[in-house]
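Participant: This is the structure alone, sequence omitted:
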């Protein structure tokens, strides 16, 4: 296990159109983060996912993942525009001593304006975690998800997918198995790139030392059930859970055991843990 480089205040890492970013680790703010991104192994098209890590203070940071819509043109351009817009807005906020929450919201609005301005019908999801000391606040548009689990597997935070199927699960009309195989699973009702875009802002959650924060595109949640994801990330070193998760999802994409989903797709995720 190597020593993860520390990112300084205002320093960012942005990942777009990654062929195969196996793993990257950084010390940021109050903890450490890992990043993984890989394009759809079954398609020749570019990776339409994007991700960003930005340090906003001595013990604070912003993490983001975006997933360009495969059915829309220029999905990879939309996701890249979204994360660059977010990083730009938050960086300006740091310099101007703006409240980070306001800067993140400005980033969402800026991303929406710029994706709409592309004028080609492009769209993307965008999920953001604001880490402030030992708390996290989620923001999201679309179906890329944010999840916090304790080391015993108790889910403490999980964003609701902005989709008919996501709302069906939340209301109890669909169970997870039915949702996983639903023919309209990929229909999204709220995206960056829409004049009706709305931002879902959660309340801050205090992180315990052994909690795991995960942000991911639907390439992960379409291939592993929530309990499978939690089981793979809830305990173990950050390096171990990162490798365990990407090996599992790529094995599942390559071959189903018959009852489990197997949907080749771009997949990107970030995992954050507090420093001990």
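Facilitator: Cool, the structure landed. Quick caveat: nothing in here was measured; it's all calculated off a predicted structure. Numbers count the residues shown, from 1 in each chain.

Participant: Check residue 98 and give its pLDDT.
Facilitator: Per-residue confidence at residue 98 stands at 95 (pLDDT).

Participant: any idea how far residue 192 is from the nearest residue to it once chain neighbours are set aside?
Facilitator: Nearest-residue entry for residue 98: residue 92, 7.5 Å, with adjacent residues in sequence omitted and distances by Cβ to Cβ, 6 or more residues apart in numbering. The C-beta positions use only the backbone N, C-alpha and C, and glycine is treated the same way. Separation of residue 92 from residue 192 (Cβ to Cβ, to the nearest Å) stands at 19 Å.

Participant: The two - which one has more neighbours?
Facilitator: Neighbour count, other Cβ atoms under 10 Å: between residue 92 and residue 192, residue 192 has more, with 30 against 14.

Participant: before we move on, the earlier item: can you name the next helix or strand after the strand or helix carrying the residue nearest to residue 98?
Facilitator: For residue 92, the host element (DSSP states H and E) is helix 75-95. Next in sequence after helix 75-95, counting helices and strands by DSSP H and E, comes helix 100-118.

Participant: hmm, back to that, give me the helices and strands touching the helix holding residue 92, please.
Facilitator: strand 12-16, strand 49-57, strand 60-67, helix 100-118, strand 126-132 (3 or more Cβ pairs under 8 Å, 6 or more residues apart in numbering; DSSP states H and E).

Participant: Pull the distance from stretch 157-173 to the chain's centre.
Facilitator: Taking Cα atoms, centre = their mean, to the nearest Å, one finds the center of stretch 157-173 at 17 Å from the center of the full chain.

Participant: buried sites along it?
Facilitator: 157-159, 161-163, 165-166, 168-169 (16 or more other Cβ atoms under 10 Å).

Participant: Quickly compare the helices and strands packed on helix 75-95 and say which is most buried.
Facilitator: Across the helices and strands packed on helix 75-95, averaging neighbours per residue (mean count of other Cβ atoms under 10 Å) puts strand 60-67 on top, at a mean of 28.

Participant: elements contacting that one?
Facilitator: strand 49-57, helix 75-95, helix 100-118, strand 126-132, strand 212-216, strand 267-274.

Participant: Note down every partner strand of the shortest one and its orientation.
Facilitator: By that I understand strand 212-216. Strand 212-216 pairs in its sheet with strand 145-149 (antiparallel), strand 267-274 (antiparallel), by DSSP bridges.

Participant: which residues of the stretch 1-150 of the chain score low on pLDDT?
Facilitator: For the stretch 1-150 of the chain, applying pLDDT under 70 flags the ranges 1-2, 70-73.

Participant: List just the nearest of the buried residues of stretch 157-173 to residue 117.
Facilitator: For the buried residues of stretch 157-173, the minimum distance to residue 117 (Cβ to Cβ) is 21.9 Å, reached by residue 162.

Participant: Which residues are in contact with the closest one?
Facilitator: 140-143, 188-191, 200 (Cβ atoms under 8 Å, 6 or more residues apart in numbering).
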